[in-house]
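Asker: model the following, please.
(4 chains)
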Protein chains: 4
Amino acid sequence: MDAIEVGILGATGVVGQQFVSRLARHPWFRVTWLAASERSQGKLYREVAPWRLAAPMPGTSAERTVEACVPGKGPKVVFSGLDASVAGDIEGAFAAAGHIVISNARNFRMDPLVPLLIPEINADHLKLLGEQRSSKGWTGAIVTNPNCSTIVLAMSLAPLRTFNIRAVVVSTMQAVSGAGYPGVPSLDILGNVVPFIGGEEEKMQSETLKILGTDGGRAPYQAVVSAHCNRVAVVDGHTMTVSVDFHSRPSIEDVAEAIRTFAGRPQELWLPSAPQPPIVLTTEPNRPQPRLDVDLGGGMAISVGRLRSCPVMHAKFVALGHNTIRGAAGAAILNAELMHAEALL
Amino acid sequence: MDAIEVGILGATGVVGQQFVSRLARHPWFRVTWLAASERSQGKLYREVAPWRLAAPMPGTSAERTVEACVPGKGPKVVFSGLDASVAGDIEGAFAAAGHIVISNARNFRMDPLVPLLIPEINADHLKLLGEQRSSKGWTGAIVTNPNCSTIVLAMSLAPLRTFNIRAVVVSTMQAVSGAGYPGVPSLDILGNVVPFIGGEEEKMQSETLKILGTDGGRAPYQAVVSAHCNRVAVVDGHTMTVSVDFHSRPSIEDVAEAIRTFAGRPQELWLPSAPQPPIVLTTEPNRPQPRLDVDLGGGMAISVGRLRSCPVMHAKFVALGHNTIRGAAGAAILNAELMHAEALL
Amino acid sequence: MDAIEVGILGATGVVGQQFVSRLARHPWFRVTWLAASERSQGKLYREVAPWRLAAPMPGTSAERTVEACVPGKGPKVVFSGLDASVAGDIEGAFAAAGHIVISNARNFRMDPLVPLLIPEINADHLKLLGEQRSSKGWTGAIVTNPNCSTIVLAMSLAPLRTFNIRAVVVSTMQAVSGAGYPGVPSLDILGNVVPFIGGEEEKMQSETLKILGTDGGRAPYQAVVSAHCNRVAVVDGHTMTVSVDFHSRPSIEDVAEAIRTFAGRPQELWLPSAPQPPIVLTTEPNRPQPRLDVDLGGGMAISVGRLRSCPVMHAKFVALGHNTIRGAAGAAILNAELMHAEALL
Amino acid sequence: MDAIEVGILGATGVVGQQFVSRLARHPWFRVTWLAASERSQGKLYREVAPWRLAAPMPGTSAERTVEACVPGKGPKVVFSGLDASVAGDIEGAFAAAGHIVISNARNFRMDPLVPLLIPEINADHLKLLGEQRSSKGWTGAIVTNPNCSTIVLAMSLAPLRTFNIRAVVVSTMQAVSGAGYPGVPSLDILGNVVPFIGGEEEKMQSETLKILGTDGGRAPYQAVVSAHCNRVAVVDGHTMTVSVDFHSRPSIEDVAEAIRTFAGRPQELWLPSAPQPPIVLTTEPNRPQPRLDVDLGGGMAISVGRLRSCPVMHAKFVALGHNTIRGAAGAAILNAELMHAEALL
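Answerer: From the prediction side, this is the model:
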């Protein structure tokens, strides 16, 4: 199979850098086009990307000339790490011009015709694309992945749909890398907790229900989510405590079994980025911990631990996921892999 | 008024050091007796106390000879910073021998005849002392203060009793100083979250109901508490997110007003350690934060912020308190102040 | 004595906030004028100052209307917390218009006619003011304090001048608060060391010699300083290791005695902000540490510890000081106190 | 080639765990024997090893029964992660009984007949083994690797021997993992610097000269080293600032070239753990940093950056290395690889 050429919108930003880094050795995709704001246009990627990753900049991208985000230019498939301030217009224009836009931006996530995709959970939401095209008059398409904290919560809840979730109270302890760069000032977080992240609670409360919903997410899942979002002094990895109330009355062992045996299309299809298993259920009393567990499944697995009865709701547990891999670039790449496997690219 | 002489059991430990430090300039109490394990006996305090506080060791205690924990020796009033492994026997023996033991240890907290005292909340629980003496045959008495995380939760819930609390889901982010010294290894907490603290969730779930209860705590408050306890990379200050369900249906403004106007016996009596007000309700969107707010009221005030509706329960908010001041030595000293003001010392 | 009215240039910035906070209860000075950029002009201080200090904003300043930085307006004495990008022009204009400018900015520090003042070390450098006025045609004056890391080093070296310092190798571990707000991104410093601070090494190497020099600093001290500057995950307090070579050959006990007995004009005059003693020589094997020692002398004392022989140079030790108090606003206030005591305000 | 069977002394400790983990996929060595204190004897490794590494415990070791540290048992080649309190006696007994002991303990490091080996620097020190055997009457042998901070310094200095080093002043910022587990209490290091590590400065000052010396280290290198050792809030990676004085007068470009072109026997022999190149010379102004650079060369490369003139000595720079890989288990494994390649196992 020939490699599929892909481009990156917003290639010089933090998420763009993660696309560049993670796609450098991808078995299916080859980055052949890097686009960013006009300021970077015409310069070499290594000259304009303020590289922030520990892994060195891939040589082929380093020497590539950055182009403008002009629809019609570049490969059919483009990943978008654009900032939300510009993603709406640019992604829409690219979709209109025939590009398949695999986006990490929040702009189209709640659009009823745009899949908010987690391949393990709602691969069937891709069926929206036909109606998306006809309704919007696009020859291309847009597919999005959720917010970094939402994705951890949604993955941990997905196996529990079988028990009919009624309500969820979640309290997060989120890593600073979720805020990009420069992001959180060190004076705010060293030896501290900041019990607020702008817009985050609203995203977790609404995106989760679309993801778990039916009819491409247009029929949201019938449950209520209450989120408390906090920033802590962790570099990578969003940890969260979750209490869940069900309509049915599963035993804790039933819940554990549902989590342990959970898998989805990426696992069936053995997609290159698919973690096997997608959720690791830990039994040690003090896990998961970001420093020890964030890289499970190459950063694509979600860890769940401390599963036990909740005196107020039915079950409670701790969930953890890598916010810049499973919660951003890795999520988008898995979305693209699924679309390729489903012959949608 | 002459100063009241007090002694300290377990004077060389971390809590004992806090008693020594905080009592050094107390307007009512004067430390005249320091007791610790046999190993320290007969030596100067400065030789045997591995001082861990930023404030320097008070000179008068530094030069004092440490004695053994022998009942009958030392002043009538003794503060106990003993470790739970020995506190049960020693505190009991001191109470039997006529001492008033103001204890920070957990051993007697859930004893139905021992007040688990937070003066703002349940000053009336001191009425247990008569029955405690007659039932146990003690000529002295034991009064305890709650666990460091419980005290923050209980204080934040106390004003809400008027709305008839039905259920509480709390998720903590606790400071390392709560674990004493050497306590939490740095490898466990640097850049990390540990989602487990042994025995802590059980204490929060049971102690809170005794504190808020009636008949000296023998009739526990009729509500259910579910706690998720986590350790984070903070030195001082336990932060927690709290969702509360009420039997009545107060508006958020009703809840805010109840918190803002809350006060108790320590405030009425203007006890020396009483914070005015006991709970600071913050309105900034991203507060309270341990680094900025932990020292409010000299470390004795509880901060509550981000009060808002909870989609699942009725109200949700963030609470913060200083775990080694309001949550330990400062709590015990406030207990002693109340007892003195009530002529119980 | 009536209070001396003072103004603050750059009052809304981090250093300006420290001036506002520290001067709120000053026995000699009263803040009556707050000036900042045009953007803040005409608004209440509490509306435009993004308050970053744990201590609450003083009420009188909170309700004060912020004015423009217009020379001739405001009191004769003004403290400057202006950013270096504008401090040069504004401070010069204020001095020309008759104001005494007590500046924390770097712009005039190396001007041969401007005192780079540390009152314990070079109070006599104030004699430059006469020549400063005549030469520059100012009716006012400018006095500066050193960079936050320089001040710790210079203080630790001052007592050693008696042994004729030949060379110094210093390696710093500097707090993030030295970089202001937002300052250092948390992604750069959590669990990390950044072995570079732009311009800092040059400042330590040149400012130190002017401070220790004679003839108002115009004859720099004849020694060589080599600085390695590093940022570490500390909030407040610059720690540094120092190796010193002397022309004379003092014993370590001689060096210790020189440090222990060091004092200067602020101590003689009992200035309000003068730490007594200015340098605390610690003997514990593992001190000074920022978390335990940074607040000594109200943040105005320098701690020196681990004084011992250096196999390569003669002596080596660890020095620590509070970078936003002794290294910024507190330093400027002490300068003003000295000038008042010397009848120069 | 058949795999070489190896054993591990002190297999349950932190260094022992690193041996188990790093040897699990080694191309030459196969762990077939795990030994620890009597307490663990007869139990499965997974039952008694308190696993602290992020990488999961290798399955084959997990199910292996731990044996006692009895000489004559186990394979000829044994790695020692024993604690210094017992390593002296046990390692000596194993060497006497014919085992080749590759030790990370400090006990025999300064023994004039025991190589203190860094294969890139002093592979020829292995010639001591003949005299070691005859003099001590051992049929086996002991080879040691240096302290974790020494190894970083020695590697950074090795290329500079060509300029005849006269003196070195080094100031370290060391990671907490260097102190083992539980090691450094979190209360000591969160938001703090501890400017003291017991015995560390002495080790750096003496071990370095033996390593760089001739005649198997019995003729120490003729230079003077002065070390300032500090602990900072970093998990992995010792960073240090280094000033060096030479007898010759190289230009900075000469020094850079010497570092860039440095290589040794491991690189010539392409040993499995040999980093290529052994020292990475960085040119970015703010590197190396532990969070970004500690894993270079699989944790076996040393990073050097900020190479520039020193006003006091000749050159100064920053060096960084992974303290638990290059500074402990990885170092010992590289030693064993060299010995195998030199037909000494």
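
Asker: ok now do the residue of the stretch 1-150 of chain A found nearest chain D, which residues does it touch?
Answerer: Across the stretch 1-150 of chain A, no residue is closer to chain D than residue A:54, which sits at 4.8 Å (CB to the nearest CB). Placement of C-beta: from N, CA and C, glycine included. Residue A:54 makes contact with D:291, D:292, D:293, D:295, according to CB atoms under 8 Å, 6 or more residues apart in numbering or on different chains.

Asker: with adjacent residues omitted, what lies nearest to residue A:28?
Answerer: Nearest residue to residue A:28 in three dimensions, chain neighbours excluded: residue A:4, at 5.7 Å (CB to CB, 6 or more residues apart in numbering or on different chains).

Asker: in the stretch 101-250 of chain A, what residue comes closest to chain D?
Answerer: When distances are taken as CB to the nearest CB, the stretch 101-250 of chain A reaches nearest to chain D at residue A:191, 4.3 Å away.

Asker: burial of that residue, as a residue count?
Answerer: Each residue near residue A:191 was counted by other CB atoms under 10 Å in any protein chain shown, and the total is 23.

Asker: tell me which stretches of the stretch 51-200 of chain A form helices.
Answerer: With helices called from DSSP state H, counting those that start in this stretch, the stretch 51-200 of chain A shows them at A:59-62, A:84-96, A:119-122, A:128-136, A:148-157, A:186-189, A:200-212.

Asker: domains of chain A?
Answerer: Per automatic domain parsing, the domain ranges recorded for chain A read A:4-146+A:329-341, A:148-323.

Asker: adding mean pLDDT, write those out as a markdown table.
Answerer: As requested, the domains of chain A are arranged in a markdown table below (pLDDT from 0 to 100):
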| stretch | mean pLDDT |
| --- | --- |
| domain A:4-146+A:329-341 | 96 |
| domain A:148-323 | 97 |
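
Asker: may I see these arranged in JSON lines, with distance to residue B:222 as well?
Answerer: JSON lines is the format used below for these (distance: least, CB to CB, whole Å):
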{"stretch": "domain A:4-146+A:329-341", "distance to residue B:222": "39"}
{"stretch": "domain A:148-323", "distance to residue B:222": "13"}
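
Asker: residue C:24 is nearest to which of those?
Answerer: Of all those, domain A:148-323 sits nearest to residue C:24, with 21.5 Å by CB to CB.

Asker: quickly check: the closest one near chain C or not.
Answerer: Yes - contact between domain A:148-323 and chain C is present through A:176-177, A:181-191, A:233-235 (criterion: CB under 8 Å from any CB of the partner chain).

Asker: mind giving me the PyMOL select for those residues, buried ones only?
Answerer: For the buried members of the residues of domain A:148-323 next to chain C, the matching PyMOL selection, counting by 16 or more other CB atoms under 10 Å in any protein chain shown, is:
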select buried, chain A and resi 176+177+181+182+183+184+185+186+187+188+189+190+191+233+234+235
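
Asker: pull the most distant pair out of the residues of domain A:148-323 next to chain C.
Answerer: Among the residues of domain A:148-323 next to chain C, the pair separated by the greatest distance (CB to CB) is A:181 and A:191, at 21.0 Å.

Asker: measure residue A:10 to chain B for me?
Answerer: Taking CB to the nearest CB, to the nearest Å as the criterion, residue A:10 is separated from chain B by 27 Å.

Asker: that residue reaches residue A:17, doesn't it?
Answerer: No - Residue A:10 sits out of contact with residue A:17 when judged by CB atoms under 8 Å, with a separation of 9.7 Å.

Asker: so what's residue A:314 closest to, chain neighbours aside?
Answerer: Once flanking residues are discounted, residue A:314 sits nearest to residue A:246: 5.1 Å by CB to CB, 6+ apart.

Asker: just checking, the one you found touches residue A:168?
Answerer: No - judged on CB under 8 Å, residue A:246 makes no contact with residue A:168 at a distance of 10.2 Å.

Asker: and the stretch 1-150 of chain A, which residues reach chain D?
Answerer: Contacts of the stretch 1-150 of chain A with chain D, taken as CB under 8 Å from any CB, map to residue A:54.

Asker: can you give me the strands for the stretch 1-150 of chain A?
Answerer: A:4-9, A:29-36, A:67-68, A:77-80, A:100-103, A:141-144 (DSSP state E, counting those that start in this stretch).

Asker: need these in CSV with mean neighbour count, can you?
Answerer: Shown next, in CSV, are the strands of the stretch 1-150 of chain A (neighbours: other CB atoms under 10 Å in any protein chain shown):
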stretch, mean neighbour count
strand A:4-9, 23
strand A:29-36, 21
strand A:67-68, 15
strand A:77-80, 27
strand A:100-103, 27
strand A:141-144, 26
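
Asker: could you save those as JSON lines and add columns showing distance to residue B:172?
Answerer: As requested, the strands of the stretch 1-150 of chain A are exported to JSON lines (distance: least, CB to CB, whole Å):
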{"stretch": "strand A:4-9", "distance to residue B:172": "41"}
{"stretch": "strand A:29-36", "distance to residue B:172": "42"}
{"stretch": "strand A:67-68", "distance to residue B:172": "49"}
{"stretch": "strand A:77-80", "distance to residue B:172": "38"}
{"stretch": "strand A:100-103", "distance to residue B:172": "36"}
{"stretch": "strand A:141-144", "distance to residue B:172": "34"}
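
Asker: returning to that earlier point: tell me the contacts of the residue nearest to residue A:28?
Answerer: Neighbour list for residue A:4: A:28, A:29, A:30, A:75, A:77, A:340, A:345 [criterion: CB under 8 Å, 6+ apart].

Asker: which single one of these is nearest to residue B:322?
Answerer: Lowest distance from residue B:322 to these (CB to CB) belongs to residue A:29, with 52.3 Å.

Asker: distance of the closest one relative to residue A:334?
Answerer: With the distance defined as CB to CB, to the nearest Å, residue A:29 ends up 12 Å from residue A:334.

Asker: what do you get for residue A:85?
Answerer: Note on residue A:85: its distance to residue A:334, by CB to CB, is 26 Å.

Asker: so between those two, which is more surrounded?
Answerer: For residue A:85 and residue A:334, the more surrounded residue by other CB under 10 Å is residue A:334, and the numbers stand at 25 against 9.

Asker: so what's the more buried one up against?
Answerer: Taking CB under 8 Å, 6+ apart as the test, what residue A:334 contacts is A:119, A:266, A:271, A:273, A:274, A:300.

Asker: residue A:198: neighbouring residues, count only.
Answerer: As a measure of burial, residue A:198 has 10 neighbours, counting by other CB under 10 Å.

Asker: sorry, slip of the keys, the one I care about is residue A:343.
Answerer: Using other CB under 10 Å, the number of residues around residue A:343 comes to 6.

Asker: near chain B, which residues of the stretch 101-250 of chain A show up?
Answerer: Applying CB under 8 Å from any CB, we find that the stretch 101-250 of chain A lies next to chain B at A:167-169, A:171, A:173, A:188, A:190-196, A:198, A:205, A:224-226, A:228, A:230, A:232-235, A:239, A:241, A:243, A:245.

Asker: before I go, just wanted to say thanks for your time.
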